[in-house]
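In: no sequence for this one, just the structure:
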């Protein structure tokens, strides 16, 4: 245990060197914080030569464990593909081998037989419920879950969620504005199946969602507004739903335009799984190709005629206006000359000048009291 007990000290060594790239980087956006250190300190008495790590944002947990115990076997789940890329890049910078690390979906293979699970708490209670259910169903009977976060992002409801899946739940004392929840004695059979689904008769669509998917089984109001403009969009050989979430736009477009090849892409594993399920539930699973990607990195230049975008403005818990311009640049690269980017955004964000500069001539297609829909034509 002494090696694992050194993980908090290892964190102190590596944390200042960690970066977020390829995710957004800014002076007020950090790659690691005090909650990571507290998780490692609280896990010191439970971890041994193996651990499951869930929600490691940019590698702070995994790399500190490996620095303390180089031979540790780690099974890892990161929802954001940018987190995976950042962890690999940080490991290379620090000279930490990843030979004993394996990446997994949020499923049985991730946790089966594990005695130690460390978790950076998600903000969504649904995400926590799905994670806790997976751990409780298939980890070892003696598993210890050590889940931490910043106090400002934690609620008492998190304790209640964990208590549905574990007989013993307790909270640590707060330190450095962070806190850890400990859970043990898993309750088998308590988890309800994911993804969840909900019919939206007013839209003629069924939405499926995993716990970490944005908006869950609801349809956010920006997406609802952009859906109104689908009939006005041009015929396209290839169309992309960029930052697709649960795949509502991709599914609706595939149903409306049977001859169009539709690609849905998102950096989130939960979103990608949700979008696949949504397309299948609406009978277009064979015509919507869903890709987990950092923006449109996997798409060739000048390969799409139409791109739909409801851009996110959160990077983890932080609100930032830096995400949308990066997605606009991706769209500009991937659109063919004359292709169109249809975008919906909160009107106060004023993205139109950026779209004009990055993509091409941009007009307003519609506006309501909260949102603006624009259409930008690739030069």
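Out: Arrived safely, thanks for sending. Just so it is clear, the model here is predicted, and its values are computed rather than measured.
In: all helices in the stretch 251-379 of the chain, in order from the N-terminus.
Out: 269-281, 323-334, 352-358 (DSSP state H, counting those that start in this stretch).
In: most packed of these?
Out: Neighbour counts (mean count of other C-beta atoms under 10 Å) averaged over each of these peak at helix 269-281, with a mean of 25. In short, each C-beta sits where N, CA and C put it, glycine included.
In: packing partners for it?
Out: In terms of contacts (3 or more C-beta pairs under 8 Å, 6 or more residues apart in numbering; DSSP states H and E), helix 269-281 is packed against strand 205-209, helix 248-256, strand 261-266, strand 288-292.
In: will you turn the ones you listed into TSV that also has mean neighbour count?
Out: TSV is the format used below for the helices and strands packed on helix 269-281 (neighbours: other C-beta atoms under 10 Å):
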stretch	mean neighbour count
strand 205-209	24
helix 248-256	24
strand 261-266	25
strand 288-292	20
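In: of all the helices of the stretch 251-379 of the chain, which lies closest to residue 22?
Out: helix 323-334 (9.3 Å; C-beta to C-beta).
In: Just name whatever secondary elements the closest one is in contact with.
Out: strand 238-242, strand 304-309, strand 335-346, helix 352-358.
In: Identify the residues contacting that helix?
Out: With contacts defined as C-beta atoms under 8 Å, 6 or more residues apart in numbering, helix 323-334 is touched by 24, 240, 242-243, 295-297, 299-304, 307, 309, 311-315, 341, 343, 345, 349, 351, 354-355, 358-360, 376, 378.
In: For stretch 159-166, what is the distance to the chain centroid?
Out: Centroid separation between stretch 159-166 and its chain, computed with C-alpha atoms, centre = their mean, to the nearest Å, is 22 Å.
In: Then stretch 278-287?
Out: 22 Å.
In: May I have the distance across that stretch, first residue to last?
Out: End-to-end distance of stretch 278-287 (C-alpha to C-alpha, to the nearest Å): 12 Å.
In: ok, back up a step: just the buried subset of the contacts of helix 323-334, please.
Out: When neighbours are counted using 16 or more other C-beta atoms under 10 Å, the contacts of helix 323-334 contain these buried positions: 24, 240, 242-243, 295-296, 299, 303-304, 307, 309, 311-312, 315, 341, 343, 345, 351, 354-355, 358-360, 376, 378.
In: So for residue 370, which of the helices and strands packed on helix 269-281 sits nearest?
Out: Minimum separation from residue 370 across the helices and strands packed on helix 269-281 (C-beta to C-beta) falls at helix 248-256, 17.9 Å.
In: helices or strands next to that closest one in the packing?
Out: Checking 3+ C-beta pairs under 8 Å, 6+ apart, helix 248-256 ends up next to strand 205-209, helix 221-227, strand 238-242, strand 261-266, helix 269-281, strand 288-292, strand 304-309.
In: closest to residue 372 out of the ones you listed?
Out: That would be, of the helices and strands packed on helix 248-256 and by C-beta to C-beta, helix 221-227, which comes in at 8.9 Å.
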